[in-house]
Every structure is written in structure tokens, then in C-alpha cells.
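In: would you be able to build a 3D model of this:
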Amino acid sequence: MDPHLLTTFVTVARRGSFSAAAAELGYTQSAISQQIAALEADLGLPLLSRRPVEPTPAGRRLLEHAEPLLLRLRAARADVLRSAAAPRDRIALAVTPLGFTAALAERLARARAARPRLEVTVVTCGRERVAALVAEGEADLGLVDGLAAPSDPLRPPDAGPMTTAGVGEEDVVVALPAGHPLAGRAALRLADLADARWLRTPLCPLSRLRALVGDGFPVALEHRGDDVRTLMALVAAGHGLTLLPAAVLGGAVAGAVGVPVSAPRLVHRVELLHGTLPPGPAADLARALTG
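Out: Numbers count the residues shown, from 1 in each chain. Next up, the predicted model:
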């Protein structure tokens, strides 16, 4: 399958419109229609219904393959170009909302002080997006976070060959409303909270808790953003529990407290992601962030 046709198909499916995809890709609408027709003829199956424009069952299956394939192609191009590129004094750092800790901010400050001309842009986004930006060369370095057993690596996102290195670990706490009956405990076991009301949030996926402990952890409310203040406001108001790095609740958070997790033993782990790094500012910053 031609990657250009796959790109057109993914764009039409994402935009839900042939004309919107044409405007985004810089083609005429008739050219978009011809490319989709060519891809459907190649596979011998309809991939998009026309009114409304949405993937057919076969199209949905193709989307599951097309987006990772196109990402890997972009990653391969970026990796080759990056290996031959001249060093730059501009660096883009992509980070997850909980991945850029105070310790890492201090390491970045020291690195910038040692290289005053260095220009750094920090972009905050989700874990998969961080990996994609690094793979595609839009970001030089990435910081991702997640729950893990002590010293265990995180499962790397499937975005192409990348180097990963642990840059920090800290304890995990259960975030509770200050008036919760368990708020005064010295520690809590996750198994004892499997029937509690939890927040479904990308900052602490419940799928990870269920993989560690088993069934349970019913969803009381879904939080789709990545803003920690919003999440803490929901916790403080009693909408549900969540797990967070201890440092998030180390300061004064009105109406919420953190109680350490005693079992299973968990840490909040942060890892650095990068592709090929020739000698230069990006490689120097990677060494600085790993401590």
C-alpha cells in the first residue's frame, strides 16, 4: 500500500470530510476522492462510507495499522536526518504533565546556565504524543512518566527505535479528600481500596491499577484533561480517588491529602526518551537530565 494513499485515508477518517482533508493536505477534493478510490481498489474493499464520511469496519481495521505504520515511516526519516544534522542551539523538550519534576527542572536550569545561548522549548502533552514527537524529530528529547515497581523500566511507546533511561523515581500516594475516613492512615494497601470510587484520568490509568491488583476500582467520574489542579479539585470535592507522585501533595493542596501506598510497592518513574543524538547541545542536555 502506498504511504501517500494511507496518509490521505487517515486524514479523511480523522477529519470526517473529503473537503477538509483536501484543504489540510493541499489537494483538490477530486484528487482526494481518486486517492481513496485507488486504495479501496487495491484492497478490494470499501474503506469509507460517504454519507456520513466515516470508516467502514474494514476501514477501522486499516486505521489500527495505518497510523503506527505512518509514524514509523516518519520516525525512520527523522532518525536518518538527525544522525547527519549539524548541532543546533535550539532544543525542543516534550514532557508528560507529571514527567517534568522539580529535580529535572533544576537540572535543565544548570544545563542552560552552562550554555547561555541554548534556546529551549518545553511542550507538555500525553505519553504517546511525547514519543511520537521525539520519533518524528519534532522534539529532540522527551520525558515520560508512569507507575512501576522500584527500578523497573516503563513499557516504551511503540514509536520506533529510541533510547530510554530512567531519570527519577519517587513514592506514590493515594490522593484523598481531607475529610475522608482513611485520610489519617499512615499507609494504605491498594487491594483495600478496590471497591472505592476512583477517577478515570490519563494521569493515573486505572488499567495499570487493575493489572497490579486485579478487578475493581470502579469509575466515579472521568477526567479527560492533563491539568493537575483540576484533578486535585475533583479529589478534594470527593468525586473520586487517584494515585499521584508524593511531591504533588507535598505542598499545601486545599482540601486534599496524600497517604502512602504500602502494597504493592510502587514508584512514580520518569524516563528520558531520545533517538540518535550526534555530539552537541541535545546530547549534552540528555546527559544533564540523567543526572
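
In: check contacts around the nearest residue to Glu40 once chain neighbours are set aside.
Out: Of all residues not flanking Glu40 in the chain, Leu47 sits nearest, at 5.3 Å (CB to CB, 6 or more residues apart in numbering). Bear in mind the C-beta positions are built from the backbone N, C-alpha and C, glycine included. Shown in contact with Leu47 (CB atoms under 8 Å, 6 or more residues apart in numbering): Phe9, Ile36, Leu39, Glu40, Pro55, Thr56, Ala58, Gly59, Leu62.

In: would you mind checking these for buried ones?
Out: Phe9, Ile36, Leu39, Glu40, Pro55, Gly59, Leu62 (16 or more other CB atoms under 10 Å).

In: one step back: between the contacts of Leu47, which sits nearest Asp215?
Out: Pro55 (32.1 Å; CB to CB).

In: partners of the closest one in the sheet?
Out: When assigned by DSSP bridges, Pro55 has beta-bridge partners Leu48.

In: can you pull the contacts of it?
Out: Contacts for Pro55 (CB under 8 Å, 6+ apart) come out as Ala13, Leu47, Leu48, Ser49, Leu62, Leu63.

In: quick check, nearest of the residues you listed to Leu147?
Out: Checking these against Leu147 by CB to CB gives Leu63 as the nearest, at 28.9 Å.

In: wait, that closest one touches Thr11, no?
Out: No - counting by CB atoms under 8 Å, Leu63 stays clear of Thr11, with 11.2 Å between them.

In: ok, and the closest non-adjacent residue to Gly275?
Out: Spatial nearest neighbour of Gly275, excluding adjacent residues (CB to CB, 6+ apart): Asp79 at 5.1 Å.

In: in the strand or helix carrying that neighbour, what counts as buried?
Out: Assigned by DSSP states H and E, Asp79 belongs to helix 57-84. Within helix 57-84, the residues that count as buried by 16+ other CB under 10 Å are Gly59, Leu62, Leu63, Ala66, Leu70, Leu71, Arg74, Ala75, Ala78, Asp79, Arg82.

In: cool, stretch 205-219 as well?
Out: Going by neighbour count (16+ other CB under 10 Å), the buried part of stretch 205-219 is Leu206, Leu209, Val213, Phe217.

In: now stretch 127-139
Out: Arg127, Arg129, Val130, Ala131, Ala132, Leu133, Val134, Ala135, Glu136, Gly137, Ala139.

In: which ones among those are found in helices?
Out: In helices, defined here by DSSP state H, the members of the buried residues of stretch 127-139 are Arg127, Arg129, Val130, Ala131, Ala132, Leu133, Val134, Ala135.

In: how long is stretch 215-222 end to end?
Out: 18 Å (CA to CA, to the nearest Å).

In: give me the residues contacting it.
Out: Contact with stretch 215-222 is made by 193-201, 206, 209-210, 234, 239-240, as judged by CB under 8 Å, 6+ apart.

In: Pro157 against Arg129, yeah?
Out: No - if you go by CB under 8 Å, Pro157 and Arg129 don't touch, sitting 9.2 Å apart.

In: so how far does stretch 239-258 reach from one end to the other?
Out: From its first residue to its last, stretch 239-258 covers 15 Å (CA to CA).

In: pull the distance from that stretch to the chain's centre.
Out: Distance, stretch centre to chain centre, for stretch 239-258: 21 Å (CA atoms, centre = their mean, to the nearest Å).

In: got the angle for the strand ranked longest in the chain vs helix 127-135?
Out: Across the chain, the longest stretch assigned as strand under DSSP state E is strand 163-177. Orientation note: strand 163-177 sits at an angle of 160 degrees relative to helix 127-135 (axes from the mean of the first three to the mean of the last three CA atoms, to 10 degrees).

In: gap between strand 163-177 and the chain center?
Out: Distance of strand 163-177 from the chain centroid (CA atoms, centre = their mean) equals 15 Å.

In: and for stretch 150-168?
Out: Mean-position distance between stretch 150-168 and its chain equals 12 Å (CA atoms, centre = their mean).
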